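Undergrad: model this:
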Amino acid sequence: MKGRYFFLLNSDAWVVGDGLQRLVDFADAHPDAAVVGPKLLNTDGSLQRSVRGEPTVWRVATEYLFIRKLAPRTNLLNPLYAGGFDHATARAVDWVSGAALLVRRAATEAVGLFDESFFLFSEEVDWMTRFRHAGWKVFFCPDAEVVHVGGASHGGRMYVENLRGQLRYFDKHQGPQEAERLRRMLLVALRLRAVALRRPEYSEAVRWLRDAHLDPERFVVAVHCDASDHDQQAEGNDEPHRALAPRTRKKLTRRAFRRADCRRGCRRHS
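TA: Numbering: from 1, shown residues only. Got it, this is the predicted structure:
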């Protein structure tokens, strides 16, 4: 494929007028932009808030504990959804909804494409976090508009996959201790939801979160080790080491992850 940009568009979204050209013009004027997101609209023409803050345990807690409902238009109590952002100003942001994205080819060649270890959820925030950590920027461009139907159900198995994606994101970018803090917070929040709202996806999520750090088939967290991390590397082995979460009842700490079984002879992590 050729071209300076990729344009990623959900199947339930469409561009309004010359919105795509406006995105390209904006990206041309901002050579440090890896991703440019348009203003999203609901089918009735109302604003669909699409700017997001980088996830932290507190920010995710404001969503799952309904804290953001107390002051939805403030950054203090609704920081994950950038409650104080007016969506009328073009500026660099942490990340934007993946419903419509203009992505610079040069940035993907430097950083890579989506991480395929994410399934449906959190892959876009992981991607944009990687861009920003590599020195690129993510922009919101209100001059370009895209209508997005949205509203797809995240119930059932998809609800658990959403949680899995968030935990993987935290482990990858903030470390396993923060991932464990997130898991515990989610467990408390969803227990409360299961009791108060009695929805089956919450009960299933509670069961999954309760055991997520015990079974690597449920929450696979990989630690890739450099050769410098090992006291000794097996002869003739150039394959990177990979440690998986242990099947033991231990806290989700960096030490617990790295002492899990390593594929090759690794004395440090055994």
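
Undergrad: so what does the biggest helix by length in the chain touch, helix or strand wise?
TA: With secondary structure taken from DSSP state H, the chain has its longest helix at helix 176-197. Applying 3 or more Cβ pairs under 8 Å, 6 or more residues apart in numbering; DSSP states H and E, we find helix 176-197 packed against helix 57-64, helix 157-174, helix 200-211, helix 254-258. C-beta: built from backbone N, CA, C; applies to glycine.

Undergrad: Same list as before, those helices that is, but in TSV and with mean pLDDT and mean neighbour count included.
TA: Below are these laid out as TSV (pLDDT from 0 to 100; neighbours: other Cβ atoms under 10 Å):
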stretch	mean pLDDT	mean neighbour count
helix 57-64	96	18
helix 157-174	90	20
helix 200-211	91	17
helix 254-258	32	17
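
Undergrad: Let me have the ones you listed in JSON lines, extended by distance to Trp95.
TA: Formatted as JSON lines, the helices and strands packed on helix 176-197 follow (distance: least, Cβ to Cβ, whole Å):
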{"stretch": "helix 57-64", "distance to Trp95": "12"}
{"stretch": "helix 157-174", "distance to Trp95": "11"}
{"stretch": "helix 200-211", "distance to Trp95": "24"}
{"stretch": "helix 254-258", "distance to Trp95": "25"}
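
Undergrad: so which of those comes closest to Phe6?
TA: helix 157-174 (21.5 Å; Cβ to Cβ).

Undergrad: would you put the C-alpha positions of that closest one in PDB?
TA: Extracted C-alpha coordinates of helix 157-174, given in PDB (Å, rounded to 0.1, in the frame of the first residue of the first chain):
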ATOM      1  CA  ARG A 157     -18.100 -12.300  27.000                       C
ATOM      2  CA  MET A 158     -17.300  -8.900  25.500                       C
ATOM      3  CA  TYR A 159     -17.500  -7.400  28.900                       C
ATOM      4  CA  VAL A 160     -14.800  -9.700  30.200                       C
ATOM      5  CA  GLU A 161     -12.700  -9.000  27.100                       C
ATOM      6  CA  ASN A 162     -13.000  -5.300  27.800                       C
ATOM      7  CA  LEU A 163     -11.600  -5.900  31.400                       C
ATOM      8  CA  ARG A 164      -8.900  -8.100  30.000                       C
ATOM      9  CA  GLY A 165      -7.800  -5.400  27.600                       C
ATOM     10  CA  GLN A 166      -7.600  -2.800  30.400                       C
ATOM     11  CA  LEU A 167      -5.500  -5.100  32.600                       C
ATOM     12  CA  ARG A 168      -3.100  -5.900  29.800                       C
ATOM     13  CA  TYR A 169      -2.700  -2.200  29.000                       C
ATOM     14  CA  PHE A 170      -1.800  -1.500  32.600                       C
ATOM     15  CA  ASP A 171       0.600  -4.300  32.900                       C
ATOM     16  CA  LYS A 172       2.300  -3.300  29.600                       C
ATOM     17  CA  HIS A 173       2.600   0.400  30.300                       C
ATOM     18  CA  GLN A 174       2.500   0.800  34.100                       C
END
